[in-house]
Every structure is written in C-alpha cells, then in structure tokens.
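Visitor: Take a look and give me a structure for this.
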Amino acid sequence: MVEKKWTGVIGLMSGTSLDGLDCCYAEFNVTDGVYKFRNTIAHTYPYSDTWRQRLKQAFYLPPAELAALDLEFGAFLAEKVNLFLTENMLQSKTELIASHGHTVFHDPSKKQTVQIGNGDVLNRQTGLKVINDFRITDVLLGGQGAPLVPVGDHFLFSAYEACLNLGGFSNISFVLNNQRIAFDIGPCNLPINQLCKKYLQCEFDKGGLIAASGTVIPALLEALNSLPFYTQKPPKSLGVEWLNAQVQPLIDQYMSSKPQDLIATLTQHAATQINVVLDKYQLKAVLVTGGGAYNTELINHLQNRSTKIILPSPEIIDFKEALIFAFLGYLNFNNSINTFKSVTGAREDSIGGIRHFGHQH
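Guide: Below is the predicted model:
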C-alpha cells in the first residue's frame, strides 16, 4: 500500500481547569491501518481573568446569552488560531481545525451536551475547515459522549497498558477483553485548584507542595471514598454538576480545617481512587498526562505500588488531549470511526463531529 499523504491539523482544547486554550498542530497519516503523527507544535494561550470568569459563569446563563457567548468564544478561538498559525508559520500546512470547544453542560441522561465555540465563526474567521461538537452524535446514540480521548490512546499510544489523565477529573483508558474501555475515575485537580484560589491566593498546588505540608483528615477522606459514583460500573463520566452536588457539600463540612489539610485530603482521595482502579484491572505500565502529572505528591501516592508510572515529555503531558482532538478531526475528515461504543456505552460506534467547511481562503 502506498503511504497516504500527511495531513496537518490543529487541535483545540479548553479544559475544566480553565487555565487556557491549548493549541496543538500535528501531521497525521495512516499506512496499512497504522496511524502515525509527527511534527507536533503546541502552545497554551492563557485566559484573561474576564474570560475565565465568563466561562465559569456560562453554566448559569439564559439561552440567548449563552448563544451570544458561543459566537464570541468562536471569535476568540479564531483569533488565537490565527495567532498560532502566524507565530509558527503554519498557514500553508494546516488543512483542518478540530475544536473541542469549552464544555458548559454535560448530562447524557438528558441527552444534553453543550460545548461553546461556534464552528461557523471559527471557519469564517480562519478560512480553514473546522470540525467541532464531537460529543453530540454519541449522546444521541445513547452514549455518554465521553471520554473521547481513548480512540487516540488506542491508535497513537498503544505501547502502554493504560493511559491515565490527571486533569480537572482523572480518567483512564485501557484494553479489557480485546475492547478499549475508558471512564472517569474521580475528582483530581478541580477541587484542589478551587481551594488554592479561594484560600491561598494561588492558581493550583504547584508540585503538590501544599498537599505535602498538610495532614489528611480521615473522616473527610472516608466520606469522599464512600461516594456512590465509585461503585458504579463503567462507562461513566463526571461533570462540574456532580462535583457541586456531591463533593462540595462534604468539603463544606470541614471548612474550619486548614486549607492545606483539605488539599492533602483531596490529593490522597484522588490517588486512592486511581489506585483502586489500577489494582482492580492489574494495570502495570501506565502513561500519565495532564496537569496532575506535575503534582509530585499525587504521583508519589501512585508510585508506591507495583504499577509503573510513566511520565512522557512535557509536550505530551500538557497537550495530549489537544493532540488527540486533532486526531479525532483527522479521522472524521477521512470518514473513519472516531468514537467507540465500548468506551461510551452507545448503541454503535460513530463518526463524531460537525463539519463547518463553507468558508475557505
């Protein structure tokens, strides 16, 4: 078989931690069913305080205001993509933008999933083909619409037994009985970041130093570990709604404690639930990415076991999700399946993503 040409794609990711917009350029091809990527270039454009606040409040907006924010955020994405293209001289190489957008609602039980960042605006203002809204097709097929990254784990990172992402929530993907499965494990950076901002005037627990200086509160740890979500079978996914309804009330009961102790407890809790999963499925070689990979205290709680925790290059740690969204766009572009029912619980595999190809320079 002749090697297909390489396709340049930009992946865009805005995560629950609200630290910024991740842009990742990569070139993909497939030869004899084997997918490869090369020439990755990545950058995070931090959110201004105003944008961070607006994205945080988006959940509470009435429909008309949310629709306006969707258009405005689409223009923001276009502005950053144009800057990224110029800074890295990628204009002539890029064929496609694959945008995750920013999640405002995610409640598959109500067939609801809303990611803002209007695709038409992005297409019009960059002149590039755009694919976005990667979750809705799967949700309409009865799936969770999440997680989507496991398709990339399966095709691009198959050298590892499991891929663990330590983002706002922790999630994992691995092969079980010849099928790729994946699910959210539990809260990770999100509640810790919230406490850091509220009480310690910092954005996050850098290197896990705050957790290391605190003392775990046993009663809170036990209450967190007893949450019903942990006994549910996969596929399962979490959102900010769950955190607000289930985790926050438990933390609120211990507000008289030192923030360092709350952070130590949440860090231990995150590690405990991850270790439960690693042990249950006997996962040995685990690739770890996401901001939590830099939290030494959290990683130490995971390292003290038979599992081998593998930390890749900073580029992969920081931008694996954006890279994989670029890949999901590439698969859609080539009419190939990019969402596995074995991961999401949908009725069938599907090609997720809505195309906006109308305006091309």
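Visitor: Residue 125: what's its closest spatial neighbour, skipping adjacent residues?
Guide: Nearest non-adjacent residue to residue 125, counting by C-beta to C-beta, 6 or more residues apart in numbering: residue 78, 3.5 Å away. C-beta coordinates here come from the backbone N, C-alpha and C atoms, glycine included.
Visitor: Enumerate every residue touching that neighbour.
Guide: Residues in contact with residue 78 (C-beta atoms under 8 Å, 6 or more residues apart in numbering) are 121-122, 124-126.
Visitor: Let me know the closest of the residues you listed to residue 356.
Guide: residue 122 (6.9 Å; C-beta to C-beta).
Visitor: element containing the closest one?
Guide: Here residue 122, judged by DSSP states H and E, is contained in helix 119-126.
Visitor: so who does the residue lying closest to residue 341 once chain neighbours are set aside touch?
Guide: Excluding the flanking residues, the one nearest residue 341 by C-beta to C-beta, 6+ apart is residue 349, at 5.2 Å. By C-beta under 8 Å, 6+ apart, residue 349 lies in contact with 337, 339-341.
Visitor: Name the member of these with the shortest distance to residue 272.
Guide: Nearest to residue 272 among the contacts of residue 349 is residue 340, at 28.0 Å by C-beta to C-beta.
Visitor: So the closest one sits against residue 153, correct?
Guide: No - using C-beta atoms under 8 Å, residue 340 is not in contact with residue 153; the gap is 10.3 Å.
Visitor: shared neighbours of the two, anything?
Guide: residue 180.
Visitor: Look at those two and report which has more neighbours.
Guide: With neighbours defined as other C-beta atoms under 10 Å, residue 340 and residue 153 compare such that residue 153 has more, 26 against 23.
Visitor: Give me the neighbour count for residue 198.
Guide: Residue 198 has 9 nearby residues by other C-beta under 10 Å.
Visitor: Please name the nearest non-neighbouring residue to it.
Guide: Spatial nearest neighbour of residue 198, excluding adjacent residues (C-beta to C-beta, 6+ apart): residue 259 at 7.7 Å.
Visitor: Kindly report the same for residue 305.
Guide: Using C-beta to C-beta, 6+ apart, the nearest residue to residue 305 is residue 275, at 6.3 Å.
Visitor: Buried residues of the helix or strand hosting that neighbour, list them for me.
Guide: If you go by DSSP H and E, residue 275 is part of helix 259-280. By neighbour count on 16 or more other C-beta atoms under 10 Å, the buried set for helix 259-280 is 259-271, 273-275, 277-278.
Visitor: Tell me the first helix or strand C-terminal of it.
Guide: Assigned by DSSP H and E, the successor of helix 259-280 is strand 285-289.
Visitor: before we move on, back to that, now the residue nearest to residue 198: how far from residue 188?
Guide: Counting by C-beta to C-beta, to the nearest Å, the gap from residue 259 to residue 188 is 17 Å.
Visitor: With residue 345 instead?
Guide: Taking C-beta to C-beta, one finds residue 345 at 22 Å from residue 188.
Visitor: now swap in residue 211 and tell me
Guide: 12 Å.
Visitor: Looking at those two, which one has more neighbours?
Guide: residue 188 (32 against 27).
Visitor: quick one: pLDDT of the closest residue to that one other than its chain neighbours?
Guide: Distance criterion C-beta to C-beta, 6+ apart; nearest residue to residue 188, sequence neighbours excluded, is residue 170 at 4.2 Å. For residue 170, the pLDDT comes out at 96.
Visitor: Convert the C-alpha atoms of the strand or helix carrying residue 170 to CSV, please.
Guide: With elements taken from DSSP H and E, the one containing residue 170 is strand 169-176. The C-alpha trace of strand 169-176 is given here as CSV (Å, rounded to 0.1, in the frame of the first residue of the first chain):
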residue,chain,number,x,y,z
PHE,A,169,-11.0,14.9,36.8
SER,A,170,-8.9,11.8,36.5
ASN,A,171,-9.8,9.4,33.7
ILE,A,172,-8.3,6.2,32.3
SER,A,173,-8.4,4.1,29.2
PHE,A,174,-7.1,0.6,28.6
VAL,A,175,-8.0,-2.6,26.7
LEU,A,176,-10.1,-5.2,28.5
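Visitor: Give the pairing partners of that strand; include direction for each.
Guide: Its sheet considered, strand 169-176 pairs with strand 162-166 (antiparallel), strand 179-187 (antiparallel) by DSSP bridges.
Visitor: would you list the ones you listed in TSV and tack on distance to residue 20?
Guide: Output for the strands paired with strand 169-176, formatted as TSV (distance: least, C-beta to C-beta, whole Å):
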stretch	distance to residue 20
strand 162-166	17
strand 179-187	21
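Visitor: So which of these has the densest surroundings on average?
Guide: Ranked by average neighbour count under the criterion mean count of other C-beta atoms under 10 Å, these are headed by strand 162-166 at a mean of 26.
Visitor: Can you check what angle separates it from helix 259-280?
Guide: With axes from the mean of the first three to the mean of the last three C-alpha atoms, to 10 degrees defining the directions, strand 162-166 sits at 170 degrees from helix 259-280.
Visitor: Perfect, I'm done here.
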